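Visitor: no sequence on this one, just coordinates:
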Ligand SMILES: Cc1cc2nc3c(=O)[nH]c(=O)nc-3n(C[C@H](O)[C@H](O)[C@H](O)COP(=O)(O)OP(=O)(O)OC[C@H]3O[C@@H](n4cnc5c(N)ncnc54)[C@H](O)[C@@H]3O)c2cc1C
């Protein structure tokens, strides 16, 4: 037990409250619950992480070039174990299981994150684009060698001029009827591809996103397979530059690409959604160009799901180290004159770490929902337009929440380890630097939350999947606010919940027990619906006043982001509540309920000003929530070591034995 070093009787003054009996945590059982149906896959990755644990030190000691080579070597060697190809079709040497590939990727995030990101670029972005946007000819040509790592590739979407606004890319692919080739051109310096992982050193092939031009007409952004390097040298017409030293992830070779009239055959177009005939006719089953574009991008959602999961798992590493340290580290005499107090017994330390621990558990279960929906949609188990849109929105929201959570948690855990946390050997330097960009790549978080809000305001209707920001503003402004709200799932849920809570509409928040999950959910649902209504009202008012839709949207944007955040927080809590409800009665359920209550109440506490402003929290009740949060922290204190052990972060990934104690403790 990791709590060996804890005092025999940890302070739980409220232990007898309401018949509460302190649960015992069965760590292997909790780990099995967290690992879920992919426990075997996760264990395979854990054992690979152990085998390559030396890379954590290599990251600090090797030159940048050597580190990059070492990371590449590891990625290719891991590919041979099958762990990186689990999502690809079996006929090409993959595992045919999308859920397994997400689980493998998430688990890899316990280790060196350059290895993780190189895997993401090669198999997720490059391989994913070939698989999802290409057809059989492309699959036959590329999938088998890319799955083994024999063919290295990159995903060249972003340009120096445009990252988030992909529809405005400047690279052009013009169809040349005479030779039946596409000519790829970087039209301006802003249109150079930038930050492209694998491009500076290792990729031989790039999936290049460019504006397709056929017979003088622009058909929008499409993807092309373009050879960029042969025998280590750039191909004719391709210029490559290294992006240089980065804030983190220096084992990944990010670079810039320019294309000077580079010719590729007609079949280089990844043509699942659109094609150009030899005679130069553009064809697509999706007639609306916006809808076609969003459909294409929608197929690449797995990358977003993976990055969100990786952020959550990186948080687990940080929390494991900080908690184990706090179970060993003593500072100042407090409750005894004989020995100094363990820092985890300080109320403030508990307040700093445990809500983050609870949020991490909540996010773990929310991520489980996203990953399983991704698996179902992409395996054809449930695949309709509405489900896809909902999945895209949920993936965007969980990615944003999960990666921001990582940034915040890693920083707090670093500080919680004091000066020791600052030493590179103790992992925080790499964790901080390497996860920082998770909030930006695979979609900037603020931009992603706007996507979430758009889905909410249009109820994920396929008729509106092609709406741009302005179209969306006009659409929402054209509806009565009540209509917008009535269409949302949260409205229906809120109606139901109001009926079951005591006190009717006026008194429901005054009467219900703080630890009643229905009360907690009702609070988050109320906030979400109210914020959404506020956005709809403001958009409508702006348009009614004759303002430009773009200006209206911009003015309302903070409310848009607020509504999306409220939505994601509600989904995360719902996932946690539903998962704990399914558990049989017993200690595990008691322990997870403590975490779930802590997550819910600390979420409400963090936004108590809003709830008070909107008449949903009296000052008395707000204070009661703060007291309850502290009380829950004290109850979690004796379980903390076990709760982080259940994450199953391999000992070798924690490094720093002087911080976390003898390995295996
Ligand atoms: C290490 C690293 C690896 C990468 N790997 C790849 C790769 O392999 N392939 C690839 O194609 N790309 C890659 N990228 C690029 C990455 O996906 C982009 O950086 C990202 O999409 C953001 O685009 P941007 O940098 O142009 O930022 P911008 O889109 O310019 O955003 C800048 C800021 O403006 C804000 N902003 C933007 N639009 C709005 C709006 N409408 N409303 C309000 N605020 C807004 C954003 O929130 C952000 O804070 C990588 C980037 C990095 C740093």
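Guide: Alright, I've got the coordinates. Since this is a predicted model, take the numbers as computed values, not measurements. Numbers count the residues shown, from 1 in each chain.

Visitor: what comes up buried for stretch 348-355?
Guide: Across stretch 348-355, burial judged by 16 or more other C-beta atoms under 10 Å covers 349-350, 352-355. Bear in mind the C-beta positions are built from the backbone N, C-alpha and C, glycine included.

Visitor: Sorry, slip of the keys, the one I care about is stretch 605-621.
Guide: Buried positions in stretch 605-621, judged by neighbour count with 16+ other C-beta under 10 Å: 605, 607-608, 610-611, 616-617, 621.

Visitor: Then stretch 235-245?
Guide: For stretch 235-245, a neighbour-count test (16+ other C-beta under 10 Å) marks 235, 237-238, 240, 243 as buried.

Visitor: thinking again about what came up before, so which of the buried residues of stretch 348-355 are also by the ligand?
Guide: Counting by C-beta under 6 Å from any ligand atom, nothing from these sits close to the ligand.

Visitor: now, among those residues, which is nearest to the ligand?
Guide: residue 355 (25.9 Å; C-beta to the nearest ligand atom).

Visitor: ok now do that closest one, which residues does it touch?
Guide: 598-599, 602, 629, 633 (C-beta atoms under 8 Å, 6 or more residues apart in numbering).

Visitor: which of these lies closest to residue 361?
Guide: The nearest member of the contacts of residue 355 to residue 361, counting by C-beta to C-beta, is residue 599 at 7.0 Å.

Visitor: you'd agree residue 195 is in a helix?
Guide: No - when classified by DSSP: H, G, I helix; E, B strand; the rest coil, residue 195 is found to be strand rather than part of a helix.

Visitor: and it, how far is that from the ligand?
Guide: The gap separating residue 195 from the ligand is 3 Å, by C-beta to the nearest ligand atom, to the nearest Å.

Visitor: who in the stretch 151-300 of the chain is up against the ligand?
Guide: Residues of the stretch 151-300 of the chain lying close to the ligand by C-beta under 6 Å from any ligand atom are 155-158, 163-164, 195-197, 246, 249, 254.

Visitor: what's next to stretch 474-486, contact-wise?
Guide: Applying C-beta under 8 Å, 6+ apart, the external contacts of stretch 474-486 come out as 457-458, 464, 467, 491, 529, 532-533, 535-537, 539-540, 542-544, 549, 552.

Visitor: Just the buried subset of these, please.
Guide: Taking 16+ other C-beta under 10 Å as the criterion, what is buried in the contacts of stretch 474-486 is 457-458, 464, 467, 491, 529, 532-533, 535-537, 539-540, 542-543, 549, 552.

Visitor: Show me which pair in the buried residues of stretch 348-355 is furthest apart.
Guide: Among the buried residues of stretch 348-355, 349 and 355 lie farthest apart (C-beta to C-beta), at 11.8 Å.

Visitor: which one of the buried residues of stretch 235-245 is nearest the ligand?
Guide: residue 243 (7.8 Å).

Visitor: Specify the beta-bridge partners of the nearest residue to the closest one once chain neighbours are set aside.
Guide: In this structure, residue 243 finds its nearest non-sequential neighbour in residue 254, 4.1 Å apart by C-beta to C-beta, 6 or more residues apart in numbering. Using DSSP bridges, the bridge partners assigned to residue 254 are residue 197.

Visitor: now, which of the buried ones among the contacts of stretch 474-486 lie close to the ligand?
Guide: Within the buried ones among the contacts of stretch 474-486, nothing lies near the ligand by C-beta under 6 Å from any ligand atom.

Visitor: The helix or strand hosting residue 536: what's the following helix or strand?
Guide: Taking DSSP states H and E as the definition, residue 536 sits inside helix 517-544. Sequence order places helix 549-582 as the next helix or strand after helix 517-544, per DSSP H and E.

Visitor: Now do the residue nearest to residue 194 when sequence neighbours are not counted, the pLDDT please.
Guide: Nearest residue to residue 194 in three dimensions, chain neighbours excluded: residue 160, at 4.4 Å (C-beta to C-beta, 6+ apart). Reading off the confidence values, residue 160 has pLDDT 98.

Visitor: and if you look at the one 5 residues further on?
Guide: Note for residue 165: predicted pLDDT of 95.

Visitor: Tell me, how many residues neighbour it?
Guide: Counted with other C-beta atoms under 10 Å, residues neighbouring residue 165 total 10.

Visitor: Phi, psi for it please.
Guide: Main-chain torsions, residue 165, degrees, to the nearest 10: phi -90, psi 80.

Visitor: correct me, but residue 612 touches residue 620?
Guide: No - Residue 612 sits out of contact with residue 620 when judged by C-beta atoms under 8 Å, with a separation of 10.8 Å.

Visitor: circling back: same for the ligand: which of the buried residues of stretch 605-621 are within range?
Guide: With C-beta under 6 Å from any ligand atom as the criterion, those include none near the ligand.

Visitor: Pipe the residues you listed into JSON lines and attach pLDDT, secondary structure and distance to residue 25 per row.
Guide: Below are the buried residues of stretch 605-621 laid out as JSON lines (pLDDT from 0 to 100; DSSP: H, G, I helix; E, B strand; the rest coil; distance: C-beta to C-beta, whole Å):
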{"residue": "605", "pLDDT": "98", "secondary structure": "helix", "distance to residue 25": "25"}
{"residue": "607", "pLDDT": "98", "secondary structure": "coil", "distance to residue 25": "30"}
{"residue": "608", "pLDDT": "97", "secondary structure": "helix", "distance to residue 25": "30"}
{"residue": "610", "pLDDT": "96", "secondary structure": "helix", "distance to residue 25": "34"}
{"residue": "611", "pLDDT": "95", "secondary structure": "helix", "distance to residue 25": "32"}
{"residue": "616", "pLDDT": "89", "secondary structure": "coil", "distance to residue 25": "34"}
{"residue": "617", "pLDDT": "92", "secondary structure": "coil", "distance to residue 25": "32"}
{"residue": "621", "pLDDT": "93", "secondary structure": "helix", "distance to residue 25": "31"}
